[in-house]
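In: Fold the stuff below for me.
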Amino acid sequence: MTERYVMAIDQGTTSTRCILFDHSGRLVSVTQREHKQHFPRPGWVEHDAMEIWRNVERIAPEAIAQAGATPDQVAAIGIANQRETTLLWDRRTGEPIGRAIVWQDTRTDALVEEMAAEPFAEEIHRRCGIPVATYFSAPRIRWFLDNTPDLRERAERGDVLFGTMESWLIWNLTGGPDGGRHLTDVTNASRTLLMDLATLAWDDELLAYFGVPRAMLPEIWPSTAVYGTATRVVPGVRIAAALGDQQAALFGQTSFAPGEAKCTYGTGSFLLLNTGTEPVVSTHGLLTTVGYQIGDEPAVYALEGSIAITGALVQWFRDGLGLIATAPEIETLARTVDDNGGCYIVPAFSGLFAPHWRSEARGIIVGLTSYITKGHLARAVLEATGWQTREVVDAMNADSGIALKSLKVDGGMTADNLLMQFIADVLDVPVVRPMAAETVSLGAAYAAGLAVGYWPDLEGLRRNWHRAGQWLPAMDPGHRETEYDNWRRAVERTFDWIRPGKH
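Out: Okay, here's the model as predicted:
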């Protein structure tokens, strides 16, 4: 019998990956292409959506060829995507309207500040589970409409479409201008500030408030469902799942029970806690989001702590400062010293995300003395990720009323043993890494395979999960609290750096 596979397309912030998985959840082939990051002004971050689509056109057939397979051996495609990155394009030509505005972009800060001060902002938070912030899609759509001549009229006529990156890929894979399906899934829709968390539908009052025409919005679908069949790149293959990348990682870590949590350490880091079929509204600066929805079953919700800058801080240490030549060298450099020497780095490069939500904050290095070496700075870079994780876990424990018992981790930074040990130490819980490092892609594959019967049920997926590494806490409690107090004092010093109108 011919082997069949599930394909995952993981459209991330810095690159797009295509991976084939087999029945045991094992990675069979992987192809990847980076795309250019555009920084036209301070605080602006953009991607060329056509470059991303061309990358998918190249890497999907390569992944199939690398596995020695043919497209008819691919049972389904699941897509995971960088969330909140906002794209508008012309329905007739398929041409993007300018570049996509990336989730890290802060150009909408003045608009957001104005809107967040209005009484309706509280209602938005209640309906959407997320605050009015530069992080989410609706203010970016509004920015496009306000700053592009004639765009609003075209959008109201339905000639201009909005989508996050999975919408763009699904539309192109299913034909583009020639009958492409325009849809999104509940996890991505829950990040726009336009969907009501309870009804899982676009909300007319929210659309009116942000000034977004309904005609430009995609249809909202469950995370696992057959959305359509590809007519391009991999013709005949069913597209059967879409999830925001962090929700895909929750799925890939098989965190299907309330109280199970995972943290993905990538460019930024994202901690998600499954809260079951009822949304838990945070009072501690976390986001309430849709975790996933399987077919017509009730949606499963999650609490999320989003940290903007973690792996990106290591990249800056490498590329911006030139203190290391490759990212893995940071661990070696950090091990040349025993501690941080009293130095703390708070990477508020684009403001602070959870649990603070301070878009005006900017990054700082504090505690510098002539004793500090680049080894101490390297350690402070890694520790920043640990302390930011601690802040989010504290907020989660307070919101959910469930103390975290262990943390499943994934993402590129989990290869750093010093960092993983530090996270276990500051959280005072075991940190566990699975065999499958690519949990975002695996989650997208699992969801798609589930939709087409390639995997029978969630229990079958759980059986594929195997532990590869574990770190147990070993830090003195007194030392932990002193260091955490120092970290919090450092964070406070980042507040109020940018003043409105004085950029």
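In: Show me where the stretch 351-500 of the chain dips below the pLDDT cut-off.
Out: Low-confidence segments of the stretch 351-500 of the chain, defined by pLDDT under 70: 500.
In: those strands in it, which residues are they?
Out: Secondary structure of the stretch 351-500 of the chain by DSSP state E, counting those that start in this stretch: the strands cover 364-366, 407-410, 431-434, 467-471.
In: so which of those comes closest to T2?
Out: Minimum separation from T2 across the strands of the stretch 351-500 of the chain (C-beta to C-beta) falls at strand 431-434, 28.5 Å. Just so you know, the C-beta spots here come from the backbone N, C-alpha and C atoms, and that holds for glycine as well.
In: Can you show me the CA trace of that closest one as PDB?
Out: What follows is strand 431-434 as a C-alpha-only set of coordinates in PDB (Å, rounded to 0.1, in the frame of the first residue of the first chain):
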ATOM      1  CA  VAL A 431       9.900  22.200  31.900                       C
ATOM      2  CA  VAL A 432       9.300  19.400  29.400                       C
ATOM      3  CA  ARG A 433      10.300  19.300  25.700                       C
ATOM      4  CA  PRO A 434       8.700  16.700  23.300                       C
END
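In: who touches it?
Out: Strand 431-434 has contacts (C-beta atoms under 8 Å, 6 or more residues apart in numbering) with 253, 406-410, 414, 420-421, 423-424, 465-471.
In: Which among those count as buried?
Out: 253, 407-410, 414, 420-421, 423-424, 465, 471 (16 or more other C-beta atoms under 10 Å).
In: From those residues, pick the one nearest W44.
Out: Closest to W44, out of all of the buried ones among the contacts of strand 431-434 and judged by C-beta to C-beta, is D410, at 29.5 Å.
In: next one: phi and psi at E114?
Out: Phi and psi for E114, reported as degrees, to the nearest 10, are phi -60, psi -50.
In: what about it, distance to E166?
Out: Relative to E166, E114 is positioned 30 Å away (C-beta to C-beta, to the nearest Å).
In: With D319 instead?
Out: Counting by C-beta to C-beta - D319 and E166 are separated by 28 Å.
In: Over to T229?
Out: Relative to E166, and taking C-beta to C-beta, T229 is found at 16 Å.
In: So the two - more neighbours on which side?
Out: Taking other C-beta atoms under 10 Å, T229 and E166 do not tie; E166 has more neighbours (30 against 17).
In: Pull the contacting residues for that one.
Out: 11, 79-81, 184-185, 188, 242-244.
In: and it, that one's in a strand?
Out: No. Using DSSP: H, G, I helix; E, B strand; the rest coil, the assignment for E166 is helix, not a strand.
In: quick one: pLDDT of it?
Out: On the pLDDT scale, E166 is placed at 97.
In: ok, P430 - contacts?
Out: Counting by C-beta under 8 Å, 6+ apart, P430 has contacts 406-407, 424, 470-473.
In: repeat for E304
Out: Contacts of E304 (C-beta under 8 Å, 6+ apart): 246, 270-273, 286-289, 354.
In: buried stuff in stretch 97-106?
Out: By neighbour count with 16+ other C-beta under 10 Å, stretch 97-106 contains the buried residues 97, 99-106.
In: Okay, and which of the residues you listed map to strands?
Out: Cross-referencing the buried residues of stretch 97-106 against strands under DSSP state E gives 100-101.
In: could the buried residues of stretch 97-106 be laid out in a markdown table, adding pLDDT and distance to L200?
Out: Formatted as a markdown table, the buried residues of stretch 97-106 follow (pLDDT from 0 to 100; distance: C-beta to C-beta, whole Å):
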| residue | pLDDT | distance to L200 |
| --- | --- | --- |
| I97 | 95 | 27 |
| R99 | 96 | 30 |
| A100 | 97 | 25 |
| I101 | 97 | 25 |
| V102 | 95 | 26 |
| W103 | 90 | 22 |
| Q104 | 86 | 27 |
| D105 | 91 | 27 |
| T106 | 89 | 29 |
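In: Would you format the buried residues of stretch 97-106 as JSON lines with distance to V314 included?
Out: As requested, those are exported to JSON lines (distance: C-beta to C-beta, whole Å):
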{"residue": "I97", "distance to V314": "34"}
{"residue": "R99", "distance to V314": "25"}
{"residue": "A100", "distance to V314": "24"}
{"residue": "I101", "distance to V314": "24"}
{"residue": "V102", "distance to V314": "19"}
{"residue": "W103", "distance to V314": "19"}
{"residue": "Q104", "distance to V314": "16"}
{"residue": "D105", "distance to V314": "21"}
{"residue": "T106", "distance to V314": "21"}
